[in-house]
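[1] Return a 3D structure for these sequence lines:
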Amino acid sequence: MDEVPTKFCSFFSIKGVKSHVIFSLGGIEISTEKSPGKQQFIASEDFVAVSPKSLQLHCDELGSPISPIAEVMPNNDECGLTLHYGSRVGKFCWRVKTVTLRHHDPSVTQRWAARIQHCIDAQTNRPRRLLVFINPFGGRKRGRSIYWKTVAPLFELAGISCDVVETEYANHAKTLLKTKDLLGYDGVISVGGDGMFSEILNGALEREVSDASANVNDPSVKFLKPKMRLGMIPCGSTDALVYATNGTSDVVTAAIHIILGDRLPVDVCAIHSRRGFERGAVICIATGFLGSMLAYSEKLRCMGPERYSVAAVRAFLRHKKVAFSASLTPTDSSPVDESPCFTDCITCTNASIREVFRVESEPELSETPRPCPTVVKGSFLHITSAVSTAAYDMAPHGVSPYNHFGNGCMDVIFVKKTSRLNHLKFFYRILFKPGKQLTLPFVTTYRVREMDLRFLPPSPSPVTTPFNCDGELIDDDCLKLKYDAAPPLERYSAMQCRHSHQIH
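    Residues are numbered from 1 along each chain as shown. Modelled structure (predicted):
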């Protein structure tokens, strides 16, 4: 059998201009006779699909244009193929673009189409079959419309088969994931907000513990990494996780990252209360201001996403303080270390390698006495344990901008009781001077692997000042937070940061 060449070239007509096209395993390079010194390069990792003729995709206003394919095959003797590929538009957003190559010899276009398709099929990190959960009630209740009008055509173009389930009640997706046969699926996708993603995350986590015949309510049980990747199409009120990892909550960008098989290791924090296991969290766990805000916003759900602004103003004006005791063991690094997370981050990579050695030597480490924990007590306006940067559209760098997604640690931020003016200064710096809020004199920060939190009398009842865990409420007076995911940490296919988070 003849060996297939890894590099070859041909002349094609592109928009009526004779062009020299070179194919290699790395991608396609195009140069035209009009501009021979100017080349366009399309990386093979960005190939979405190849088709023998141009296609017209329909899209809604959120993703327009998701695939600007205006060129149609002419009625002449030329044959053609259309390559669809992902392309960055602006700093963080991505769109599907196309280039149509025309040639008078159909065997040439067929050979090129076959080799491009082979290149796409060889990328085993890409999903072929997905289980999709749509929350039709989240955000502005547009999840169903966004998926079928914007996302589904892109998945179909990329040849991804999807089984779609519309959730009918709270924790519907979580319940199904704990019992459904998942054989044959490459990933699970949520179409909704952070709460919907939390459902599939916790369903997958509890499924792994159950399959291992372990007790999920035992804080000493180590959670196993789900066997498949999880992803999110943002259609909620805040979409903080997608914003923090993609740099945008754009729907089409999230869909393209899933299609291309992009992935990012993300820390998962296990939360236990007196009742047992509560949930896994990937954004933040907070009480005080954020707990009160979320509790009140639940009474204003009829207002849609605007309820959070109203609830935030109310919580700020009330200026409620909570008395807390926190037992934690700080790590060697600090939340104010100015090294933001980015693609292929060396901090996260090294943390994952260290975790492998830690797990392998766990019996020996268990005999080593653990360092004495640090105990923090007092009255606080905020206590926030940031698992990620906790960024969203109004605070693009987040509460803890130097936090890392896969370093196995969380950044704990204590905002002591202070004046409303100082409290306002804290928010101002989050929005306009990212990172500087952590250096205020009434703010104390730690980077930890686990922490115990407990209300102290005479704090308000936890029913009125609950814990805000990734946008979901936990009404208990104490929590244990711990990283339990063994490396490689949980991967989410919608969340490859093909950019660095630059903080100026």
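
[2] Report the secondary structure state of the closest residue to Val209 other than its chain neighbours.
    Distances taken as C-beta to C-beta, 6 or more residues apart in numbering put Val216 closest to Val209, at 4.6 Å, once the chain neighbours are dropped. In short, each C-beta sits where N, CA and C put it, glycine included. Secondary structure for Val216, judged by DSSP: H, G, I helix; E, B strand; the rest coil, is coil.

[3] Report how many residues lie close to Val216.
    17 (other C-beta atoms under 10 Å).

[4] And His104, by the same measure?
    By other C-beta under 10 Å, neighbour count at His104 equals 12.

[5] For the residue nearest to Val209, which residues are in contact?
    By C-beta atoms under 8 Å, 6 or more residues apart in numbering, Val216 lies in contact with 206, 209-210, 276-277.

[6] Please spell out the PyMOL selection for the buried subset of these.
    Of those, the buried ones can be selected in PyMOL as follows, counting by 16 or more other C-beta atoms under 10 Å:
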select buried, resi 206+209+277
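
[7] Reformat the contacts of Val216 into JSON lines and put pLDDT, distance to Tyr446 and secondary structure next to each item.
    Shown next, in JSON lines, are the contacts of Val216 (pLDDT from 0 to 100; distance: C-beta to C-beta, whole Å; DSSP: H, G, I helix; E, B strand; the rest coil):
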{"residue": "Glu206", "pLDDT": "88", "distance to Tyr446": "29", "secondary structure": "helix"}
{"residue": "Val209", "pLDDT": "84", "distance to Tyr446": "28", "secondary structure": "helix"}
{"residue": "Ser210", "pLDDT": "83", "distance to Tyr446": "33", "secondary structure": "helix"}
{"residue": "Gly276", "pLDDT": "90", "distance to Tyr446": "26", "secondary structure": "strand"}
{"residue": "Phe277", "pLDDT": "90", "distance to Tyr446": "24", "secondary structure": "strand"}
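
[8] Now render the contacts of Val216 as CSV, adding distance to Gly187.
    Below are these laid out as CSV (distance: C-beta to C-beta, whole Å):
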residue, distance to Gly187
Glu206, 18
Val209, 20
Ser210, 20
Gly276, 28
Phe277, 24
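
[9] Can you tell me which of the contacts of Val216 is nearest Val251?
    Among the contacts of Val216, Glu206 lies closest to Val251 (C-beta to C-beta), at 28.3 Å.

[10] what pLDDT does the residue nearest to Gln437 when sequence neighbours are not counted get?
    What sits nearest to Gln437 in space, not counting adjacent residues and going by C-beta to C-beta, 6+ apart, is Arg429, at 3.7 Å. Predicted confidence (pLDDT) for Arg429: 96.

[11] Helices of the stretch 301-450 of the chain, start to end?
    Remark: helices assigned in the stretch 301-450 of the chain by DSSP state H, counting those that start in this stretch are 307-318, 346-360, 362-366, 420-432.

[12] circling back to that earlier point, what sits against the residue nearest to Gln437?
    With contact set as C-beta under 8 Å, 6+ apart, Arg429 has these partners: 436-437, 440.

[13] between the residues you listed, which has the most around it?
    Gln437 (22 neighbours).

[14] I figured that residue was touching Val443, is that so?
    Yes. At 6.6 Å, Gln437 counts as touching Val443 under the criterion of C-beta atoms under 8 Å.

[15] Please enumerate the shared neighbours of these two.
    With C-beta under 8 Å, 6+ apart as the test, Gln437 and Val443 both reach Phe426.

[16] Can you tell me which of the contacts of Arg429 comes closest to Met228?
    Nearest to Met228 among the contacts of Arg429: Gln437, at 37.2 Å, using C-beta to C-beta.

[17] who's in contact with the closest one?
    Per C-beta under 8 Å, 6+ apart, neighbours of Gln437: 399, 426-427, 429-430, 443.

[18] Could you measure from it over to Arg314?
    Applying C-beta to C-beta, to the nearest Å, the value for Gln437 to Arg314 is 21 Å.

[19] same deal with Ser400?
    The span separating Ser400 from Arg314 equals 24 Å under the rule C-beta to C-beta.

[20] Just read off the phi/psi values of the closest residue in space to Ala311 that isn't next to it in sequence.
    Nearest residue to Ala311, sequence neighbours excluded (C-beta to C-beta, 6+ apart): Ser297, at 3.9 Å. Backbone torsions for Ser297, taken as degrees, to the nearest 10, come to phi -60, psi -30.

[21] Good, wrapping up.
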